[in-house]
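>>> below: sequence and its predicted model.
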Amino acid sequence: MRNINLVIVGGGPAGLAAAKAAYDAGERDILILEREAELGGILNQCIHNGFGLHTFKEELTGPEYAARYITEVINRNICYKLNATVIDVSNSKVVTYVSAEDGLVQLQAKAIILACGCRERPRGAINIAGMRGAGVFSAGTAQKLVNIDGYLPGKEVVILGSGDIGLIMARRMTFEGAHVSAVVELMPYSSGLNRNIVQCLNDFDIPLYFSHTVVDIKGKDRVEGVVIAQVDEKLQPIKSTERLIPCDTLLLSVGLLPENELAKNAEVQLSNTTGGAVVDENLMTNVDGVFECGNVLHVHDLVDFVSAESENAGKCAVDYINGIAPCRDKTVISCTNGVRYCVPTVLNRDEHYAPQSFKMRVANVFKKVELAVLADGVKIYGRKRPVVAPGEMENITLTAEQMQTLKQAKTVEITLIKGEVK
Amino acid sequence: MKDIIIIGGGVIGCGIARELARYQADITVLERGNDVSVGTSKANSGIVHGGYDAKPDTLKAKYNVAGNAMFDELSRELDFPFRRNGSMVLCFDEKQIDGLTELLNRGLKNGVKDMYIVKGNAEVKKLEPYVSDNVVAALVVPTGGIVSPYEMTVAYAENAAVNGVEFRFLSEVTSVKKDKDGFTVTCADGYTERAKIVINAAGVYADVINNMVCKRKLNIVARKGDYVLMDKTCGYLADHTMFQLPTKMGKGVLVTPTTHGNILVGPTATDVDDKDDVNTTADELNEAFAKASLTVPSLARRNIITQFSGLRAHLDLDDFVVGESEVQGFYNVAGIESPGLSAAPAIAVDVALNVANKLGLKQKPHFEAKRKGIPQFSKLSNTEREKLIDQNPLYGKIVCRCEVVTEGEIVDSIRRPVGAKDLDGVKRRTRAGMGRCQAGFCTPRIMEIIARELGLDMADVTKRGGESNVVVGKTK
Amino acid sequence: MSREMICINCPMGCRLTVDDTDKSNIKVQGNTCPRGVTYAVNEITSPKRMVTGSVKVDGGTIPMVSVKTREAIPKGLIFDSLELLKTVTLKAPVHIGDVVVADIGGCGVDFIATKNVEAV
């Protein structure tokens, strides 16, 4: 078995940024394993613009954003394998991958960064009854068919879910000659950006139905229509509001799930809230030397944040390889009063006081709140927000001094202080 | 003129075809779908019943017990997934424990072996740690098993084809006419063929076929059952197939592992008018899940990966009809609802023997009884995997990441005799697309492989034949 | 005429009521900050959009290459610009920034490639 310092599973935005940062931190023995035929991950099919405002201060398309990082990796001569699927990661950091070229290969790694992204929630996971003909796609599958392969999945489209992928696909399908008759959203609000609602739906007079869902799918061989209904406050469909929308295609944009099957094999502890690993501020999991970053850790809305997080993971992995011992004493960050989760999930009670960013999501739409960090119940950081929503990840950065207070505290809490904020 | 035409490419039709293939005869299977195992055989519980449930002295009882005993050898011979995991019937009410004894006695009469009753929740939990605290006793049936019904059907069909049986698809039979030395069978596409013997194994349509020929009419009701399939991550929740003891409230649903390690719950039971109505309804899915939760309370909705429904061919006679009808040479195998899958191997052998005797058929000198399934990459050891990739690099290309299915397996499933022609055909044979992402990632890739192997345009690739094309055409 | 629009500058998504009866004095209500007014006035006087899409490429490692307008084009040109993409087939290699369609509809903006496609 070949020994290697750092294996990065996944050559999408997370893996590329992690590799670049690890190299820049001095590590040279790096291998990126990518299952697709090219680097770049899901960015390759996200041909719309809107990427990179934070990282590059300009607005790029997905492939352009990917190309920037691919260039960085290639310029550094970092090794990568394409068409190479990792089928196992063990607790003792043995990575097993297969490819047509190399056969089955096992590598003994010193550190592993899992950067393998997320998958889409399928129809079955949301229990839509009805017929099971062709024409029901997850939005990402349709996006691949249209943008990469050049095939149109259907001509008359209904989209369930108004997250950004759903909205982007409404516009894409319209651009490619299909007619989108409705976007249907279960919640009373959209988790997508206002900009996308305006430029992907309103521009083309595509109606968006809040508090509605798809309750039935008609059509034997191919979708012939979907029945939508309004839902009550408990999100249960109201029978009397059912109506049929004829269509040949239903696209589902109903959420993303971190893909942690490999992490499970390695006995990585997972969070029930994010679906990703429980990590400390070094993005290390409970398994020493196994790190996570990007959408496999928690689903991001901006790739810029994926890159920043992953660069941190790359740097920390190199620290670990270089022998900086993991801290055993950890404080669990508690999320309260409408804060749904925070990454990192735990803090090391060590004496490493560097500025640290925290990413979090709230559980509902709240207006006029203060996002606050409490150390032993005392507010050490507060940020007033006119509005927070589940669809917008909140990102705060604490100073080294604030981190010192936090790391010395017995309890750490991230909370929303509601009410009129002065 | 053919010797034998078999109408229906389900587990019964393919099973009979395979058993008849032992003889020197010219046999054709006519299937209205574009693949085998596209009706009842593809969507059912996949249970090999012990045989305690059927009324004694019925054909159901006879063939169930006999069929059950054949599975170990048959699954080895034809290389399809089967496991004797044992069944349990759970009782939730002290007052109804007699019901278990009644089942046990019925089983004894039917010739079921090794059954026993365990009493007390703690004792039941020793066998199944995740059952409800409300379970008070259980009938344990060690001979119960699970099988992959579509893989079993495909295995039968492949083996029949290798031994010379012809399969004709998209061949919906519209008329069967008796004349003095046989039958004329006509299909919707204009195909006409004569045969000495016609075997009706048309599933929910077996009454329609019978009624074309026989004066004694049959009436089959399609009874729909909705199922819910759970992710493999909760596969540990059940090891036995767990039934609920029927009560006045109804029959209950089962919770069972599948041969691939998922958990399956269901079925509901609704009689439907349309024999193609496989529409799942929200109410039935909720019902199936709620009832299953009585057996295993920790089943979580978030682990559901898909739902489906299947149709059972329910005859009002309440027993199988198997054998030659009042019309000489016309055989019925009708009303094959539960325990039809368990009974299939015994029915197949019985009918084949009967027909062979009738026609005076001779055994083939070189019948190939063994069939080797598609190598399943995910189940192999690393050494075996290495060897396989070395022989054929396509086994190093993983297409379905959830179920770890390689391009090698998919290509094999298409190139085999009676091979896959569409996404569902590939899925049934290889499990590609059957995992937790439900083909989200692998659909475009599998379409490409099907198009390449069968020389089709991408726009002509279907989910399951007919008008089920996946895409409508090129964007540009 | 009075019309409704959503400001896209921040997650607030202010619902604006815009009265453009007097084109030289557009009145905006419902905004929380001045950016709302600027947005509304631009949307009324000269709305522009970035357009992204894809075109066929021959002889490359992949069959389609993604493209974008170098900058936003007048909203009214969106569908005309998409029609132009159907008429183009590039030859690999294609590089990021290569002009795919020059001067879309006379507006002075080009479609450029957003992905590198190597020749096979």
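Yep, it's here. Residues are numbered from 1 along each chain as shown, chains lettered A, B, ... in the order given.
>>> break chain A down into its domains, please.
Chain A breaks down by automatic domain parsing into domains covering A:1-118+A:256-326, A:122-254, A:328-422.
>>> swap in chain B?
Annotated domains of chain B cover B:2-41+B:149-218+B:317-359, B:87-142+B:221-313, B:377-460 [automatic domain parsing].
>>> a markdown table for those, including mean pLDDT?
Below are the domains of chain B laid out as a markdown table (pLDDT from 0 to 100):
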| stretch | mean pLDDT |
| --- | --- |
| domain B:2-41+B:149-218+B:317-359 | 97 |
| domain B:87-142+B:221-313 | 94 |
| domain B:377-460 | 96 |
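>>> got the domains of chain A as TSV, with mean neighbour count and mean pLDDT columns?
C-beta coordinates here come from the backbone N, C-alpha and C atoms, glycine included. Listed next are the domains of chain A as TSV, based on neighbours: other C-beta atoms under 10 Å in any protein chain shown; pLDDT from 0 to 100:
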stretch	mean neighbour count	mean pLDDT
domain A:1-118+A:256-326	21	97
domain A:122-254	21	95
domain A:328-422	16	92
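>>> Throw those domains into TSV and include distance to chain C, thanks.
Shown next, in TSV, are the domains of chain A (distance: least, C-beta to the nearest C-beta, whole Å):
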stretch	distance to chain C
domain A:1-118+A:256-326	4
domain A:122-254	4
domain A:328-422	5
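>>> mean neighbour count and distance to C:C107 added to the domains of chain B, as a markdown table?
A markdown table is the format used below for the domains of chain B (neighbours: other C-beta atoms under 10 Å in any protein chain shown; distance: least, C-beta to C-beta, whole Å):
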| stretch | mean neighbour count | distance to C:C107 |
| --- | --- | --- |
| domain B:2-41+B:149-218+B:317-359 | 22 | 51 |
| domain B:87-142+B:221-313 | 19 | 48 |
| domain B:377-460 | 21 | 34 |
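>>> any chance of JSON lines for those, columns distance to chain A?
Output for the domains of chain B, formatted as JSON lines (distance: least, C-beta to the nearest C-beta, whole Å):
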{"stretch": "domain B:2-41+B:149-218+B:317-359", "distance to chain A": "11"}
{"stretch": "domain B:87-142+B:221-313", "distance to chain A": "3"}
{"stretch": "domain B:377-460", "distance to chain A": "4"}
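>>> any chance of the domains of chain A in a markdown table, with distance to C:V99 too?
Listed next are these as a markdown table, based on distance: least, C-beta to C-beta, whole Å:
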| stretch | distance to C:V99 |
| --- | --- |
| domain A:1-118+A:256-326 | 15 |
| domain A:122-254 | 20 |
| domain A:328-422 | 36 |
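>>> of all those, which lies closest to B:K113?
domain A:122-254 (38.3 Å; C-beta to C-beta).
>>> what about that closest one and chain B, touching?
Yes. Domain A:122-254 reaches chain B (C-beta under 8 Å from any C-beta of the partner chain) through A:122-125, A:127, A:129-134, A:137-138, A:140-141, A:144-146, A:148-155, A:176-177, A:215-216, A:220-222, A:237, A:248.
>>> and chain C, which residues reach chain A?
For chain C, the contact set with chain A under C-beta under 8 Å from any C-beta comprises C:5-8, C:10-13, C:32, C:49-54, C:56, C:61-64, C:66, C:68, C:75, C:78, C:82, C:96, C:114-116.
>>> those in strands, which ones?
Those of the residues of chain C next to chain A mapping onto strands are C:5-6, C:49, C:52-54, C:56, C:64, C:66, C:68, per DSSP state E.
>>> restricted to buried residues, select those residues in PyMOL.
Applying 16 or more other C-beta atoms under 10 Å in any protein chain shown to those, the buried members can be selected in PyMOL as follows:
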select buried, chain C and resi 5+6+49+52+53+54+56+64+66+68
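>>> how many other residues sit next to B:D57?
B:D57 has 11 neighbouring residues, counting by other C-beta atoms under 10 Å in any protein chain shown.
>>> list the contacts of the residue in chain C that chain B sits nearest to.
Here chain C gets closest to chain B at one residue, C:K86, 5.2 Å apart by C-beta to the nearest C-beta. C:K86 sits next to B:K476 when contact means C-beta atoms under 8 Å, 6 or more residues apart in numbering or on different chains.
>>> just read off the phi/psi values of C:G105.
Torsion angles at C:G105 (phi, psi; degrees, to the nearest 10) stand at phi 50, psi 30.
>>> near it, how many other residues are there?
The number of residues packed near C:G105 is 15, by other C-beta under 10 Å.
>>> over to the one 4 residues further on?
C:V109 has 22 neighbours, counted by other C-beta under 10 Å.
>>> name the helix or strand for it, please.
Counting by DSSP states H and E, no helix or strand carries C:V109.
>>> wouldn't B:H49 be in contact with B:V112 here?
No. Using C-beta atoms under 8 Å, B:H49 is not in contact with B:V112; the gap is 9.2 Å.
>>> what's the helix or strand of chain C with the lowest mean pLDDT packed up against?
Using mean pLDDT, DSSP states H and E, strand C:2-6 stands out as the lowest-scoring helix or strand of chain C, at a mean of 88. Here strand C:2-6 touches strand C:15-19, going by 3 or more C-beta pairs under 8 Å, 6 or more residues apart in numbering or on different chains; DSSP states H and E.
>>> contacts only, for the residue nearest the centre of chain A.
When C-alpha atoms, centre = their mean is applied to chain A, the residue found nearest the centroid is A:V299 (2.2 Å). By C-beta under 8 Å, 6+ apart, A:V299 lies in contact with A:118, A:256-258, A:274-275.
>>> in CSV: those, plus distance to chain B.
Output for these, formatted as CSV (distance: C-beta to the nearest C-beta, whole Å):
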residue, distance to chain B
A:C118, 10
A:L256, 11
A:L257, 8
A:P258, 12
A:T274, 14
A:G275, 10
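>>> got a list of what whatever residue of the stretch 201-350 of chain A ends up closest to chain B touches?
Residue of the stretch 201-350 of chain A nearest chain B, by C-beta to the nearest C-beta: A:D221 (4.0 Å). By C-beta under 8 Å, 6+ apart, the residues touching A:D221 are A:133-134, B:462-468.
>>> tell me the most packed of the residues you listed, by neighbour count.
Most surrounded of these: other C-beta under 10 Å gives A:A134, at 27 neighbours.
>>> got JSON lines for the domains of chain B, with distance to C:K91 too?
Formatted as JSON lines, the entries for those read as follows, by distance: least, C-beta to C-beta, whole Å:
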{"stretch": "domain B:2-41+B:149-218+B:317-359", "distance to C:K91": "40"}
{"stretch": "domain B:87-142+B:221-313", "distance to C:K91": "44"}
{"stretch": "domain B:377-460", "distance to C:K91": "22"}
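>>> for chain C, longest helix please?
The helix that spans the most residues within chain C, counting by DSSP state H, is helix C:35-45.
>>> flag every buried residue along it.
In helix C:35-45, counting by 16+ other C-beta under 10 Å, buried: C:36-37, C:39-40, C:43-44.
>>> closest to B:G373 among the contacts of A:D221?
B:R464 (21.5 Å).
>>> tell me the pLDDT at that closest one?
pLDDT recorded at B:R464 is 94.
>>> same deal with the one 3 residues further on?
B:E467 is assigned a pLDDT of 94 by the prediction.
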